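**Student:** Using only what follows, build the 3D model:
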Amino acid sequence: MNSRFAQTLFNSSAGVAALVLRVPVGLILAAHGAQKLFGWFGGYGLTGTGQWLASIGLEPGYLMALMAGSAEFFGGLALVVGLLTRPAAVVAAFTMLVAIFAVHIGNGLFMANNGYEYALTLFVVTLTLAIQGAGRFALDNQLLKRFGGVN
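**Tutor:** You can find the predicted model right below:
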């Protein structure tokens, strides 16, 4: 791997603040993904989520459920441990943008009306992590040592 690319991908001077953002948001995203993928935590699983997504025009629904669920579940887990944080955060941020514009935007801001405030918050946090990186306490630092030429 190119050392410059590894530095861009893995290096972060964010410190502890990134950990404070990564862990709870990663757990929340992973739980949402588990609802979509496995039907855990009161979710509908792939079939039910896929049917609902198809009903609102996101087709093919099953594939969209698989992609959204995987982005949230695996991306969330990656954020928790700080592994490939920037790519995971970008994918999660994109997923939140789709949720905002495909599901919530017509309902206004507030969650009480199924609005976009929660998805917007997750979007902002994941975008922040994509920009600043994983921070000091993350597996990305081990990858940086391995691929970035840092001793």
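**Student:** Now do the helix or strand of the chain with the lowest mean pLDDT: which elements does it pack against?
**Tutor:** Least confident helix or strand, the chain: helix 3-10 with a mean of 85, by mean pLDDT, DSSP states H and E. On a contact count with 3 or more C-beta pairs under 8 Å, 6 or more residues apart in numbering; DSSP states H and E, helix 3-10 meets helix 85-99, helix 140-147. From N, CA and C alone the C-beta is placed, and that goes for glycine too.
**Student:** Of all the ones you listed, which one is nearest residue 71?
**Tutor:** Smallest distance to residue 71 across the helices and strands packed on helix 3-10 (C-beta to C-beta): 4.4 Å, for helix 85-99.
**Student:** Next, the angle helix 3-10 makes with the closest one.
**Tutor:** 50 degrees (axes from the mean of the first three to the mean of the last three C-alpha atoms, to 10 degrees).
**Student:** Pick the most deeply packed of the helices and strands packed on helix 3-10.
**Tutor:** helix 85-99 (a mean of 21; mean count of other C-beta atoms under 10 Å).
**Student:** ok so, going back, what would the helices and strands packed on helix 3-10 look like in CSV with distance to residue 37 and mean pLDDT?
**Tutor:** Listed next are the helices and strands packed on helix 3-10 as CSV, based on distance: least, C-beta to C-beta, whole Å; pLDDT from 0 to 100:
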stretch, distance to residue 37, mean pLDDT
helix 85-99, 13, 98
helix 140-147, 25, 89
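**Student:** and these as CSV, adding distance to residue 114?
**Tutor:** Compiled in CSV, the helices and strands packed on helix 3-10 are given as follows (distance: least, C-beta to C-beta, whole Å):
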stretch, distance to residue 114
helix 85-99, 11
helix 140-147, 35
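**Student:** Okay then, goodbye and thanks.
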